[in-house]
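A.B. asks: Pasting a predicted model and its sequence here:
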Amino acid sequence: MEKKFVIATNNPHKVVEFKKILAPLGIECVSLKEMGIVCDAEETGTTFAENAYIKAKAVYDICKLPTVADDSGICVDALGGEPGVYSARYGGEGYDDEGRMYLLLKNMEQQENRAAHFTSSISCVLNDETVLNAEGYIFGRLTREPRGTNGFGYDPIFLPDGYSMTTAEMEGEAKNAISHRGNALREFVLKLKEYYHAYSDQ
Ligand code: ITT
């Protein structure tokens, strides 16, 4: 089974999470930085899955090594699923992660329905013929104030169902055990194993 993957992301927080989630499953992750690859593919898709594939394929085309990408975001029920695939670009230019988080809180000020979920779509370009996909979710609600300094992005305002801590108050391992990215990557590894099982039986 392939055990080494290039991680097609420019987000250093994702790199840390990929490594922590996949190392115990026997998979080594190598970042773009470690590979000396510069690639920032334009995310022209309208779904998480499309954008994940665009990012993985762009890096695979450069290095021809098994490559995995994540496209993710937070979907808020009261906002009809926004910011969704536009989570990293919410509010347009001029906002950083913190600015986007406060913008979301502001846009949610009048809303009593705080339900939200994160989605992570994983695309793995394994070779010229094979692409594996997986998706994971975590459901919860938005707080009214940021809490915690771990994680990134919208973590300080996301309270998972059944927990009293935001994902930014959790230690990395606790977040990864229940997160959208953790769930998607664990499904991806199952699919990878199935693929190699079927392949080795042929
Ligand atoms: P790459 O495209 O290079 O992977 P990115 O950060 O731009 O990096 P996305 O396009 O997938 O990645 O945008 C995802 C955004 O959704 C991210 O910037 C955060 O704002 C938010 N997000 C995704 N996963 C998150 C998580 O686990 N915790 C908090 N916010 C998250």
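C.D. replies: Yep, that arrived. On a predicted model such as this, the values are computed, not experimentally measured, just so you know.

A.B. asks: so what's E42 closest to, chain neighbours aside?
C.D. replies: Leaving aside its chain neighbours, E42 sits nearest to I54 (7.6 Å; criterion: Cβ to Cβ, 6 or more residues apart in numbering). Every residue, glycine included, has its C-beta placed from N, CA and C.

A.B. asks: That neighbour is in contact with T46, isn't it?
C.D. replies: No: I54 is beyond contact range of T46, at 11.2 Å (criterion: Cβ atoms under 8 Å).

A.B. asks: and the two? which has more neighbours close in?
C.D. replies: Using other Cβ atoms under 10 Å, the more surrounded residue of I54 and T46 is I54, with 18 against 11.

A.B. asks: any idea how far the more buried one is from T44?
C.D. replies: I54 sits 7 Å away from T44, going by Cβ to Cβ, to the nearest Å.

A.B. asks: now D70
C.D. replies: According to Cβ to Cβ, D70 and T44 sit 17 Å apart.

A.B. asks: Could you do T67 as well?
C.D. replies: As for T67, its distance to T44 is 18 Å (criterion: Cβ to Cβ).

A.B. asks: Now do the same contact list for G140.
C.D. replies: G140 sits next to A115, A116, H117, F158, L159, P160, D161, Y163 when contact means Cβ atoms under 8 Å, 6 or more residues apart in numbering.

A.B. asks: which one of the residues you listed has the most neighbours?
C.D. replies: Within these, F158 tops the neighbour count with 28 neighbours, counted by other Cβ under 10 Å.

A.B. asks: Which parts of this protein are helices?
C.D. replies: Using DSSP state H, the helices of the chain run over residues 12-22, 32-35, 48-63, 97-107, 172-178, 180-201.

A.B. asks: so can I have TSV of the ones you listed showing mean pLDDT and distance to the ligand?
C.D. replies: Below are the helices of the chain laid out as TSV (pLDDT from 0 to 100; distance: least, Cβ to the nearest ligand atom, whole Å):
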stretch	mean pLDDT	distance to the ligand
helix 12-22	97	5
helix 32-35	97	9
helix 48-63	98	6
helix 97-107	98	6
helix 172-178	98	7
helix 180-201	92	6
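
A.B. asks: can I get those helices in CSV with distance to N127?
C.D. replies: Formatted as CSV, the helices of the chain follow (distance: least, Cβ to Cβ, whole Å):
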stretch, distance to N127
helix 12-22, 19
helix 32-35, 17
helix 48-63, 9
helix 97-107, 35
helix 172-178, 28
helix 180-201, 11
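
A.B. asks: Can you say which of these is nearest to E135?
C.D. replies: Ranking those by proximity to E135 (Cβ to Cβ) places helix 180-201 first, at 5.5 Å.
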